[in-house]
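okay, predicted coordinates and the sequence, questions at the end:
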Amino acid sequence: MSRKKGAKAKSNTASPSASTPRKENAKSGKSTIVSSVQANGVVHPSRPSLSSSSEFYDIAFKVMLVGDSGVGKTCLLVRFKDGAFLAGSFISTVGIDFRNKVLSIDGVKVKLQIWDTAGQERFRSVTHAYYRDAHALLLLYDVTNKASFDNIQAWLTEIHEYAQQDVVLMLLGNKADATHDRVVKREEGEKLAKEYGVPFMETSARSGLNVELAFTAIAKELKHRSMKVDPNEPKFKLQEYVNKEMKSTGCCRS
Ligand SMILES: Nc1nc2c(ncn2[C@@H]2O[C@H](COP(=O)(O)OP(=O)(O)OP(=O)(O)O)[C@@H](O)[C@H]2O)c(=O)[nH]1
Ligand SMILES: [Mg+2]
């Protein structure tokens, strides 16, 4: 994340199409692996390829985190990638950056290249340029900040304008741990998501609540879409999967 003082910052000028195995192999000094990039930008290496963290993967997707400044996009990504919470003073992201993580989904190695955008208005034009390459978007609001919830509609308008029509979208109400400061009820989030036909769940970068599940659900949806060969195979239903997983872990309805 290109935080002003972030220790793990990479670059805020990286290209939106930097996720091809070819580039990363060059970075890690490995020989180039020939890959095919479909029209929708999904990378299918002809052989398993290496991610920058030296993990092999079969397919790669770009996921973007969007939402108002301060809703917890960077913290959510750090929690997912490193299993840690960035406590301390809030350092707003500058520009845009990404982190990679490879997940094993039903025996398939799915690499997510996750783009962390800056929520501040002044970086909006930078973010716009990246929408069209995104396969999935995680749209966040902060359950302790009503304005961030009210702005979801504007974010959806922007997404419709700049993102691909078939982009996988999920709405996340973050900071679900902050019980005392909560001003947006879970039911309100659910209602809004239903209105727009978007899957929804609450998360907490602080406690880790539903963080892994959010990214896994996205990866499953993307993998199903790109690898579905049998037309009789039932369609993957993201919201159903999420509800089932939350029930089975007895988890996560705050
Ligand atoms: N209680 C609580 N605080 C959180 C959570 N996630 C983030 N925060 C806090 O919220 C503040 C903003 O978090 P960031 O992740 O930097 O927010 P951001 O969305 O990346 O903001 P921009 O980079 O400006 O777009 C920080 O002070 C975090 O510690 C959470 O799940 N629970
Ligand atoms: Mg940030």
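It's in. Not measured: the values here are computed from a predicted model. Numbers count the residues shown, from 1 in each chain. Ligands and ions are numbered 1, 2, ... in the order given.

look up how far L169 lies from H224.
In this view, H224 and L169 are 15 Å apart by CB to CB, to the nearest Å. Any C-beta I mention is one placed from the backbone N, CA and C, and that applies to glycine too.

could you check which of those two is surrounded by more residues?
For H224 and L169, the more surrounded residue by other CB atoms under 10 Å is L169, and the numbers stand at 23 against 18.

immediately after the helix or strand containing T157, which helix or strand?
Secondary structure assignment for T157, by DSSP states H and E: helix 152-162. Sequence order places strand 168-174 as the next helix or strand after helix 152-162, per DSSP H and E.

next one: that next one to chain centre, how far?
Relative to its parent chain, strand 168-174 has a centroid offset of 9 Å by CA atoms, centre = their mean, to the nearest Å.

which helices and strands does the helix or strand following that strand pack with?
Counting by DSSP H and E, the element after strand 168-174 in chain order, helix or strand, is helix 186-196. The contact analysis (3 or more CB pairs under 8 Å, 6 or more residues apart in numbering; DSSP states H and E) places helix 186-196 against helix 146-150, strand 168-174, strand 200-202.

parallel or antiparallel, which strands does the second one pair with?
Looking back up the chat, that one is strand 168-174. According to DSSP bridges, strand 168-174 has the following sheet partners: strand 136-142 (parallel), strand 200-202 (parallel).

can the last one be said to contact ligand 1?
No - contact check for strand 200-202 against ligand 1, using CB under 6 Å from any ligand atom: none in range, with a minimum separation of 9.6 Å.

quick check: mean pLDDT of that strand?
Mean pLDDT, computed over strand 200-202, is 97.

so what touches it?
Counting by CB atoms under 8 Å, 6 or more residues apart in numbering, the neighbours of strand 200-202 from elsewhere in the structure are 143, 170-174, 176, 186, 189-190, 192-194, 209-210, 213-214, 239, 242, 246, 252-254.

packing partners for the helix or strand that comes right after that strand?
Using DSSP H and E, the next helix or strand after strand 200-202 towards the C-terminus is helix 211-227. Under the contact criterion of 3+ CB pairs under 8 Å, 6+ apart, helix 211-227 touches strand 59-67, helix 73-82, strand 96-105, strand 108-117, strand 136-142, strand 168-174, helix 238-248.

can you put those in JSON lines and add distance to ligand 1?
Output for the helices and strands packed on helix 211-227, formatted as JSON lines (distance: least, CB to the nearest ligand atom, whole Å):
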{"stretch": "strand 59-67", "distance to ligand 1": "6"}
{"stretch": "helix 73-82", "distance to ligand 1": "3"}
{"stretch": "strand 96-105", "distance to ligand 1": "10"}
{"stretch": "strand 108-117", "distance to ligand 1": "7"}
{"stretch": "strand 136-142", "distance to ligand 1": "7"}
{"stretch": "strand 168-174", "distance to ligand 1": "5"}
{"stretch": "helix 238-248", "distance to ligand 1": "17"}
